[in-house]
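In: Just the structure for this:
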Amino acid sequence: MQIRKAHRGETEVFTEALNDILFILLMFFLIVSTLANPNVIKLSQPKSDGDTKAKQNVVVSIDANKQFYVGTTAVSIDSLKSVLTPIISKEKTEVPTIVINADKTVAIDEVVAVMRVAKELGARTVLSVEKK
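Out: This next block holds a predicted model:
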């Protein structure tokens, strides 16, 4: 006499809610990644009514302590040209743009020094300001 085991139903994994969860996580990371900017140095910028849009090839920041940054890397004013040269040379745009992000307490001499370096490299400069 052969005893047969009762046929059990096949096991399934419930995945109906998985698509919803993955979509919500995807949207969350997309929104967060656009809000987070790792190349930010906190500065108090001057205010302006103008609105100039420029493609940012490189950002040079000057904080209240007259410390210069290319991106988030601290550099001295003497080595600014040597740091910017390889960055500007690999850009494929006709006229590369250097965005100057200066604290409002910084003397204009420091901003002009960055503008001189940009002119020597053949790049144009844009001063970053807060909107009024």
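In: ok, Ile21 to Ser33 distance?
Out: 19 Å (C-beta to C-beta, to the nearest Å). (C-beta placed from N, C-alpha, C; glycine too.)
In: so for the longest helix belonging to the chain, what's the average pLDDT?
Out: The residue-count maximum for a helix in the chain (DSSP state H) belongs to helix 18-35. Helix 18-35 comes out with an average pLDDT of 87.
In: who touches that helix?
Out: In this structure, no residues lie in contact with helix 18-35 by C-beta atoms under 8 Å, 6 or more residues apart in numbering.
In: CA atoms of it as CSV?
Out: Extracted C-alpha coordinates of helix 18-35, given in CSV (Å, rounded to 0.1, in the frame of the first residue of the first chain):
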residue,chain,number,x,y,z
LEU,A,18,7.3,45.9,-3.6
ASN,A,19,6.9,48.1,-6.7
ASP,A,20,5.3,50.9,-4.7
ILE,A,21,8.0,50.8,-2.1
LEU,A,22,10.8,50.9,-4.7
PHE,A,23,9.1,53.8,-6.5
ILE,A,24,8.8,55.8,-3.3
LEU,A,25,12.5,55.1,-2.5
LEU,A,26,13.6,56.1,-6.0
MET,A,27,11.7,59.4,-5.8
PHE,A,28,13.1,60.1,-2.3
PHE,A,29,16.7,59.6,-3.5
LEU,A,30,16.2,61.6,-6.6
ILE,A,31,14.8,64.6,-4.7
VAL,A,32,17.5,64.4,-2.0
SER,A,33,20.3,64.2,-4.5
THR,A,34,19.2,67.4,-6.3
LEU,A,35,19.0,69.2,-3.0
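In: What are the boundaries of the helices in the protein?
Out: 18-35, 80-89, 108-121.
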